[in-house]
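>>> Predicted model follows, preceded by the sequence.
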Amino acid sequence: MFTGIVEELGKVISIEPAGANGEAALLTVHGPLASSDAAHGDSISVNGVCLTVVDRGVDTFTADVMKESLDRSSLGGLVPGSPVNLERAMPAHSRLGGHIVQGHVDGTATLLNRNPGDNWDVLRFGMSPELSPYVVEKGSITVDGTSLTVSAVSAPGAKDEYFEVSLIPATLEATTLGGLAVGATVNIEVDVIAKYVERITAVAQARSQGQARVQDGTRA
């Protein structure tokens, strides 16, 4: 479990194919803080993706990246030297400074434009129709592991789905979002509460419809 408060900017040392068919990857990242107390089996968020530490070096850690993570996220596009947002798992006694972040990426979004303000930047991201129902104005969203508040979202049914976030200087300086170029791909995790609500509603509706069919059959 994470909070979406990025602890440090790391740098990719290497990313190598792994597994019998080379469909997975072995990712090594330089991150003095993130690796300072890392042990085998610990979780570290890398650009919003929860990864498991399998080895630790001097100011570095190595993690396995399975095919599912590569398919759903932008990690497969990393190269040596790529900056990444890092956050260690949240200790139970710590403050929840951002929001509940699982590190389970739901998909990716593309930076459409950025509009610099007096003391902030407004970033607009294009998203898929599948993610759109979970994104609400003033709600929480995780972008490359960073907990952010949605400042604007496209209207329901819009042809081009998007959401906007407004970033203060501290966020621009402490994360990869400060140097993000238009056209870049980011990892997105929507608020898990919205997904639970959708699932609970769908199950309740299916059970209600099933009971109605049984009752209709009995009356028949």
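Yep, it's here.

>>> Next up, the contacts around Leu70.
23-25, 76 (CB atoms under 8 Å, 6 or more residues apart in numbering). (Each C-beta comes from the backbone N, C-alpha and C, glycine too.)

>>> now it: how far from Gly77?
Using CB to CB, to the nearest Å, Leu70 is found at 9 Å from Gly77.

>>> quick revisit: which of the contacts of Leu70 has the largest number of neighbours?
Highest neighbour count within the contacts of Leu70: Ala25, with 21 neighbours (other CB atoms under 10 Å).

>>> so what's that one bridging to?
Beta-bridge partners of Ala25, counted by DSSP bridges, are Pro17, Val65.

>>> So it is in contact with Gly76, correct?
Yes: if you go by CB atoms under 8 Å, Ala25 and Gly76 touch, sitting 7.1 Å apart.

>>> Which stretches in this structure count as strands?
8-18, 24-30, 43-46, 49-57, 60-65, 83-88, 107-116, 121-126, 140-143, 146-153, 162-167, 185-190 (DSSP state E).

>>> quick one: average confidence on the longest helix along the chain?
As assigned by DSSP state H, the longest helix anywhere in the chain is helix 192-219. Helix 192-219 shows an average pLDDT of 81 in the prediction.

>>> Give me the distance between that helix and the centre of its chain.
Taking the mean of its C-alpha atoms, helix 192-219 sits 30 Å from the chain's own mean (CA atoms, centre = their mean, to the nearest Å).

>>> got the angle between that helix and strand 185-190?
50 degrees (axes from the mean of the first three to the mean of the last three CA atoms, to 10 degrees).

>>> what comes up buried for helix 192-219?
For helix 192-219, the buried set under the neighbour-count rule, 16 or more other CB atoms under 10 Å, comprises 192, 195.
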